[in-house]
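1. Sequence first, then the predicted structure, then my questions.
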Amino acid sequence: MTTIAVLGSGSWGTALGMVLADNGHDVRMWARRSDQIEEINTKKTNARYLPDVILPENMVGFTSLQEAVHPVDVVVLAVPVKAIREETKKLLEVAVHPLTIIHVSKGIEPGTQKRVSEMIEEEAAGHSLLKAVVALSGPSHAEEVSRRQPTTVTVSSLQTDASQQAQDLFMNQNFRVYTHTDLVGVELGGALKNIIALVCGVTNGLGYGDNTKAAIMTRGLAEITRMGVKLGADPLTFSGLSGLGDLIVTCTSVHSRNFRAGKMIGQGLSLDEVLDQMGMAVEGVRTTQAAFEMAKRFEVEMPITNAIYNVLFNDVLPHDAAGELMGRVKKHEEEQLGK
Ligand SMILES: NC(=O)C1=CN([C@@H]2O[C@H](COP(=O)(O)OP(=O)(O)OC[C@H]3O[C@@H](n4cnc5c(N)ncnc54)[C@H](O)[C@@H]3O)[C@@H](O)[C@H]2O)C=CC1
Ligand SMILES: O=C(CO)COP(=O)(O)O
């Protein structure tokens with residue numbers, strides 16, 4: 001039995017806390033909002049994020065980050081990507097033991113184009129209390145994990161023993177965990193598929209059907225792979241759980257925030273209206289900005305990413321963006337990996 005702190009008590013932090021608690025670990029949940037912590041402790045619910053779910057007794061909430069983290073050497077970091085740097089900094093200020101941070105966030109930072117593990121490493125530079133960073137990714141909506149439905153994920157780290165530790169902590173009958181050595185590929189797959197899910201949502205909102213969705217998913221995977229290979233990832237990683245697996249679930253599930261946000265955009269709502277209505281992390285929006293920058297910087301062709309970038313940030317109408325994509329110059333399909 002291990003004591004583990006989970007920072008961020010939104011949908012994903014709560015569902016993963018439940019997996020750890022089911023495995024007999026003592027789980028210390030932390031959130032910024034004290035009313036949420038009170039609800040976790042008194043009612044054993046987190047109704048805003050996971051309605052109808054009862055939390056295990058060994059999941060306890062803390063309003064003080066210091067208190068939550070004091071006894072632990074493993075932390076699950078489950079906040080939106082925009083909060084990663086700030087929370088890593090705060091965490092390392094109060095840490096007592098050398099920490100393994102298991103991050104579960106999917107995105108890339110605009111401006112720096114850093115992956116989440118790179119952001120954590122940067123914030124911890126010169127700090128002796130960061131032992132290892134692990135990324136946990138894969139096709140896994142919190143709503144289904146919290147109902148203990150069979151789910152598979154991948155963990156990856158530059159330190160193999162840390163990914164094995166994460167595998168051991170999370171693995172159970174309903175939650176199967178694989179290890180993977182390609183940290184770059186695992187993080188990029190999880191981040192970039194959110195862009196493609198947004199686009200699938202947009203096509204749905206426009207009234208297009210399954211042909212269009214299959215086209216976007218397949219050609220989306222091609223551009224994800226192209227960028228991944230440019231950045232040193234193994235192309236095969238993108239056929240695995242954190243690549244194709246997560247792409248499928250995010251582009252086809254009713255639970256996907258990115259898909260739902262995209263659908264509203266396709267129906268004509270503005271980005272601000274959509275983000276207001278969602279009230280939850282829609283990581284694909286900032287990651288579209290980051291990927292657009294990366295495509296320019298590394299001279300990688302990412303036409304679907306460019307199209308959604310123009311819809312989100314340059315007022316191009318979704319219907320017109322679709323027309324531009326379809327009207328591009330003729331190609332060989334084998335060109336997909338830049339051959
Ligand atoms: N919900 C899901 O099924 C899955 C989510 N993820 C990833 O997990 C990450 C978190 O997503 P969700 O839990 O879904 O989001 P959410 O919107 O359900 O919850 C986010 C939580 O982070 C907190 N938060 C926001 N800004 C913060 C800050 N500056 N400092 C501290 N806490 C802050 C919020 O109060 C909330 O408790 C995202 O990167 C997402 O892509 C990954 C796999 C599955
Ligand atoms: O990454 C996810 C499922 O694996 C969650 O996707 P959404 O953020 O689109 O809900």
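-> Right, received. Where do you want to start? Ligands and ions are numbered 1, 2, ... in the order given.
2. From ligand 1, how far out is Lys82?
-> Using Cβ to the nearest ligand atom, to the nearest Å, we find Lys82 at a distance of 7 Å from ligand 1. Backbone N, C-alpha and C define where each C-beta goes, glycine included.
3. Not counting sequence-adjacent ones, nearest residue to that residue?
-> In space, not counting the residues next to it along the chain, Lys82 is nearest to Arg286; the distance is 6.5 Å by Cβ to Cβ, 6 or more residues apart in numbering.
4. Any idea how far the helix or strand containing the one you found is from the middle of the chain?
-> When secondary structure is defined using DSSP states H and E, the element that contains Arg286 is helix 284-298. Using Cα atoms, centre = their mean, to the nearest Å, we find the averaged C-alpha position of helix 284-298 to lie 16 Å away from the chain's own average C-alpha position.
5. Just the angle for the helix or strand following it relative to helix 284-298, thanks.
-> Downstream of helix 284-298, the next assigned helix or strand under DSSP H and E is helix 303-313. The directions of helix 303-313 and helix 284-298 differ by 130 degrees, with axes from the mean of the first three to the mean of the last three Cα atoms, to 10 degrees as the criterion.
6. Tell me the predicted confidence for the closest residue to ligand 1 within the chain.
-> Ranked by Cβ to the nearest ligand atom, the top residue of the chain for proximity to ligand 1 is Gly10, at 1.7 Å. According to the prediction, Gly10 has pLDDT 95.
7. Would you mind confirming that it makes contact with Met280?
-> Yes - with contacts defined as Cβ atoms under 8 Å, Gly10 counts as touching Met280 at a distance of 7.0 Å.
8. shared neighbours of these two, anything?
-> Jointly contacting Gly10 and Met280 under the rule Cβ atoms under 8 Å, 6 or more residues apart in numbering are Tyr49.
9. ok, the two, which is more surrounded?
-> In this view Gly10 and Met280 are compared by other Cβ atoms under 10 Å, and Gly10 has more residues nearby, 19 against 15.
10. Not including adjacent chain positions, what is the nearest residue to that one?
-> For Gly10, the closest residue by Cβ to Cβ, 6+ apart turns out to be Tyr49, at 5.2 Å.
11. number of nearby residues for the one you found?
-> By other Cβ under 10 Å, neighbour count at Tyr49 equals 20.
12. Would you mind giving the secondary structure of it?
-> Here Tyr49 is recorded as coil under DSSP: H, G, I helix; E, B strand; the rest coil.
13. can you pull the contacts of it?
-> Tyr49 sits in contact with Ser9, Gly10, Ser11, Thr14, Ala142, Met280, where contact means Cβ under 8 Å, 6+ apart.
14. so what's the residue nearest the centre of the chain scoring on pLDDT?
-> Using Cα atoms, centre = their mean, the residue of the chain that lies closest to the mean C-alpha position is Lys106, 2.3 Å off. pLDDT for Lys106: 98.
15. and the nearest residue to it once chain neighbours are set aside, what element?
-> If you skip the residues right next to it in sequence, Lys106 has Gly190 as its closest partner in space, 4.0 Å away by Cβ to Cβ, 6+ apart. In this structure, Gly190 is located in helix 183-205 according to DSSP H and E.
16. what about Gly327, neighbour count?
-> When neighbours are counted by other Cβ under 10 Å, Gly327 registers 7.
17. quick one on the thing from earlier: could you give the average pLDDT over the helix holding Gly190?
-> Along helix 183-205, the predicted confidence averages to a pLDDT of 98.
18. what's the answer for stretch 314-326, then?
-> Taken as a whole, stretch 314-326 carries a mean pLDDT of 97.
19. Return the set of buried residues in it.
-> In terms of neighbour count (16 or more other Cβ atoms under 10 Å), stretch 314-326 has its buried residues at Pro318, Ala321, Ala322, Leu325.
20. Is Thr100 located within a strand, as I assumed?
-> Yes - assessed by three-state DSSP, Thr100 belongs to a strand.
21. so how far is stretch 268-275 off the chain centroid?
-> Relative to the chain's own centre, stretch 268-275 is displaced by 21 Å; criterion: Cα atoms, centre = their mean.
22. quick one: the strands in the stretch 1-150 of the chain?
-> Read by DSSP state E, counting those that start in this stretch, the stretch 1-150 of the chain holds these strands, from start to end of the chain: 3-7, 26-30, 59-62, 74-77, 99-103, 130-137.
23. Output these in a markdown table; the columns should cover distance to Gln267.
-> Shown next, in a markdown table, are those (distance: least, Cβ to Cβ, whole Å):
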| stretch | distance to Gln267 |
| --- | --- |
| strand 3-7 | 35 |
| strand 26-30 | 36 |
| strand 59-62 | 37 |
| strand 74-77 | 34 |
| strand 99-103 | 33 |
| strand 130-137 | 30 |
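24. Export those to CSV and append columns for mean pLDDT, mean neighbour count and distance to ligand 1.
-> As requested, these are arranged in CSV below (pLDDT from 0 to 100; neighbours: other Cβ atoms under 10 Å; distance: least, Cβ to the nearest ligand atom, whole Å):
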stretch, mean pLDDT, mean neighbour count, distance to ligand 1
strand 3-7, 98, 24, 7
strand 26-30, 98, 24, 9
strand 59-62, 98, 21, 11
strand 74-77, 98, 25, 9
strand 99-103, 98, 26, 9
strand 130-137, 98, 24, 7
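25. closest to His180 out of the ones you listed?
-> Among those, strand 130-137 comes nearest to His180, with 8.8 Å by Cβ to Cβ.
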